[in-house]
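Engineer: quick one, what's the 3D model for this:
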Amino acid sequence: MTEPREGEDALLVDPTPGRFELEMHPPGSKSLTNRALLLAALASGRSILHRPLVSDDTVALREALAILGANVTVRDDRWLIDGVDGAFPNGGEVDLGDGGTPARFMLAAAALARAPVRVDGSPRMRERPVSEGIELLRDLGVTITGTGRPEHLPAFVEPWGTRTGGSLSVGRTASSQFLSALLLVAPWTDEGIVLEHLDPPTSASYLELTRGLLRRVGATIDDDGRVRSGGLSGFELPIEPDASSAIYWWSAAALVPEASVTIPVPADSLQPDLHALDLLEAFGARIERWSESVTVHGPHRLVGARIDAERCPDAAVMLSIVAACCEGPSRIDGLRTLRVKETDRIHAVATELAKTGCTVVQHPDALEIDPSSMDERPIRVGTWNDHRMAMAFGVLGLVRPGVTIEDPGCVSKSYPRFWADRADLIDSVEVTRPAPE
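Structural biologist: From the prediction side, this is the model:
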């Protein structure tokens, strides 16, 4: 079976019967969709997002912004957003589900409402850290109180009385999403916002993505990184295919000798997970980068390596699977932020990879993976309610028989049609059979 039925709690995935050469089209970037959606909701006039990602996270943010007063119309593969010109007319209660990015963005956006907003999420989201974001907003004069455990969701955000903005000294945070949230609302403050980093920022590549998108839709950013005051007018923006989703198919090509996958993500895209291509190259994959697409070719063998995935944290789970299929051990560094994702991904990856027979050693911010003892016993992979676990081990099942994925439907968080695309990949394989004697 290659596609889950509705309500199915486990899926035995089929291995590929041979190599493949195809172009794939993952959905729109989750990072770009969330950022563009928030900016469109705050801008003046109408904005249009072409081919945005439709997923649990993005729809939750879209619905939350609509509750606050930003009207969104869905027409085929376009979202038409009528912005509020920097001030949401409504308050109320918004629930962002499991979405870490939407919840953290909403804490900042809620301060721009004319009435109080209660920001909440799922039980897992109530466990994830938001205290740093709350404290940064308080430093800017926003009143936020916790209604659950102190400094966790749910949180009650009061209207921001004096939107002065200004300079903010920032230490190392658990997530760059807090800082991106501040940059996204900066055009609607009196002085704009500049972040003065006391330590190297967490996931700096995502801050670069945020600033790059702000520039693209009309914001002014000074040489010191200050996002200047002035608001934004409505804009029209095509959303690139998601590099965080593309990495599964690029990795699939890397794992199958002589296979290739082309995905129309520009090689100069600011999406951080494009850095994962450099790491696939370190394992031995061959990469062709074009102005409008990237192709990955599978070598005859992959070789273990020591890599640093700090710049592409969302790709780290898939890269761990690739490491488990290499000849020789690997070490993946730069994984500190994986401890506070949808689950503790370092622990989850180590637990599930160990079922394959691999030797996996956890460190606070790294994984060591020795595949020399991997076997082919059937395994049942717990996905820990984490979409990236499900997809990465779904790719493992292309090259290792007997892989059953629990809770396959959790991919709806970022890539609802993942299993259908996986089935299409397998169906594309032309198996050459010997002629009858």
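
Engineer: which residue ranges make up the domains of the chain?
Structural biologist: 10-27+242-427, 30-224 (automatic domain parsing).

Engineer: how long is the first one from one end to the other?
Structural biologist: Between the opening and closing residues of domain 10-27+242-427 we find a distance of 21 Å, counting by Cα to Cα, to the nearest Å.

Engineer: ok now it, how far from the chain's centre?
Structural biologist: Centroid separation for domain 10-27+242-427 versus its chain: 14 Å, with Cα atoms, centre = their mean, to the nearest Å.

Engineer: make 28 the first number, not 1, from now on.
Structural biologist: Right, with 28 as the first residue, what we last looked at is domain 37-54+269-454.

Engineer: what is the rounded mean pLDDT of it?
Structural biologist: Averaged over domain 37-54+269-454, pLDDT sits at 95.

Engineer: dump the domains of the chain into a markdown table; add mean neighbour count as well.
Structural biologist: Glycine gets a C-beta too; all of them are placed from N, C-alpha and C. Shown next, in a markdown table, are these (neighbours: other Cβ atoms under 10 Å):
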| stretch | mean neighbour count |
| --- | --- |
| domain 37-54+269-454 | 20 |
| domain 57-251 | 20 |
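
Engineer: can you give me the helices for the stretch 278-427 of the chain?
Structural biologist: 302-310, 343-351, 372-381, 414-426 (DSSP state H, counting those that start in this stretch).

Engineer: still on that earlier bit, of all the domains of the chain, which one is nearest Gly261?
Structural biologist: domain 57-251 (3.4 Å; Cβ to Cβ).

Engineer: quick revisit: which one of the helices of the stretch 278-427 of the chain lies closest to Asp36?
Structural biologist: helix 414-426 (12.1 Å).

Engineer: after that closest one, which helix or strand is next?
Structural biologist: strand 430-433 (DSSP states H and E).

Engineer: other SSEs contacting that following strand?
Structural biologist: strand 37-39, strand 406-408, helix 414-426 (3 or more Cβ pairs under 8 Å, 6 or more residues apart in numbering; DSSP states H and E).

Engineer: now the last one - C-alpha only, PDB.
Structural biologist: Extracted as PDB, the C-alpha positions of helix 414-426 are listed here (Å, rounded to 0.1, in the frame of the first residue of the first chain):
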ATOM      1  CA  HIS A 414       5.200  15.500  10.100                       C
ATOM      2  CA  ARG A 415       8.900  15.500   9.300                       C
ATOM      3  CA  MET A 416       9.400  12.100  11.100                       C
ATOM      4  CA  ALA A 417       6.600  10.600   9.000                       C
ATOM      5  CA  MET A 418       8.000  11.900   5.700                       C
ATOM      6  CA  ALA A 419      11.600  11.100   6.300                       C
ATOM      7  CA  PHE A 420      11.000   7.500   7.300                       C
ATOM      8  CA  GLY A 421       8.500   7.300   4.400                       C
ATOM      9  CA  VAL A 422      11.600   8.000   2.200                       C
ATOM     10  CA  LEU A 423      13.600   5.400   4.000                       C
ATOM     11  CA  GLY A 424      10.900   2.900   3.000                       C
ATOM     12  CA  LEU A 425      11.700   3.500  -0.600                       C
ATOM     13  CA  VAL A 426      15.100   1.700  -0.100                       C
END
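
Engineer: packing partners of it?
Structural biologist: Using 3+ Cβ pairs under 8 Å, 6+ apart, helix 414-426 is in contact with helix 270-282, helix 343-351, helix 372-381, strand 406-408, strand 430-433, helix 445-454.

Engineer: please redo it, this time with the cut-off set to 7 Å
Structural biologist: Packing contacts for helix 414-426, counted by 3 or more Cβ pairs under 7 Å, 6 or more residues apart in numbering; DSSP states H and E, involve helix 270-282, helix 343-351, helix 372-381, strand 430-433.

Engineer: what angle do helix 372-381 and the second one make with each other?
Structural biologist: Regarding helix 343-351 and helix 372-381, their directions subtend 30 degrees when assessed with axes from the mean of the first three to the mean of the last three Cα atoms, to 10 degrees.

Engineer: quick one: low-confidence parts of the stretch 78-227 of the chain?
Structural biologist: Counting by pLDDT under 70, the stretch 78-227 of the chain contains low-confidence ranges at 174-177, 201.

Engineer: any idea which element the closest residue in space to Val121 that isn't next to it in sequence lies in?
Structural biologist: Excluding the flanking residues, the one nearest Val121 by Cβ to Cβ, 6 or more residues apart in numbering is Ala91, at 3.7 Å. Ala91 is located in helix 83-95, with elements delineated by DSSP H and E.

Engineer: show the subsequent helix or strand relative to that helix.
Structural biologist: Taking DSSP H and E, what comes next after helix 83-95 is strand 98-102.

Engineer: so which elements touch that following strand?
Structural biologist: helix 83-95, strand 105-109.

Engineer: was I right to think Leu225 contacts Thr200?
Structural biologist: No: taking contacts as Cβ atoms under 7 Å, Leu225 lies outside contact range of Thr200: 10.7 Å.

Engineer: tell me the bridge partners for Asp397.
Structural biologist: Judged by DSSP bridges, the bridge partners of Asp397 are Thr386.

Engineer: correct me, but it touches Cys385?
Structural biologist: Yes: Asp397 is within contact range of Cys385, at 6.5 Å (criterion: Cβ under 7 Å).

Engineer: out of the domains of the chain, which is closest to Glu263?
Structural biologist: So among those, domain 57-251 is nearest, using Cβ to Cβ, at 4.6 Å.

Engineer: ok, which stretches of the stretch 228-377 of the chain are strands?
Structural biologist: 263-265, 287-290, 313-316, 321-324, 333-335, 357-360 (DSSP state E, counting those that start in this stretch).

Engineer: from Leu195, how far off is Arg242?
Structural biologist: Noted for Arg242: a distance of 20 Å to Leu195, by Cβ to Cβ, to the nearest Å.

Engineer: any idea how far Cys353 is from Ile334?
Structural biologist: With Cβ to Cβ as the criterion, Ile334 and Cys353 are 11 Å apart.

Engineer: which residues do these two both contact?
Structural biologist: Counting by Cβ atoms under 7 Å, 6 or more residues apart in numbering, Ile334 and Cys353 have no common neighbour.

Engineer: ok, which of the helices and strands packed on strand 98-102 comes nearest Asp341?
Structural biologist: Going by Cβ to Cβ, the one of the helices and strands packed on strand 98-102 nearest Asp341 is helix 83-95, 12.2 Å.

Engineer: just how off-centre is the closest one within its chain?
Structural biologist: On Cα atoms, centre = their mean, the centre of helix 83-95 falls 17 Å from that of its chain.

Engineer: against which helices or strands is that helix packed?
Structural biologist: Using 3+ Cβ pairs under 7 Å, 6+ apart: helix 83-95 touches helix 57-69, strand 98-102, strand 119-122, helix 127-137.

Engineer: which strands and helices lie in contact with the third one?
Structural biologist: For strand 119-122, the helices and strands in contact under the criterion 3+ Cβ pairs under 7 Å, 6+ apart are helix 83-95, strand 144-147.
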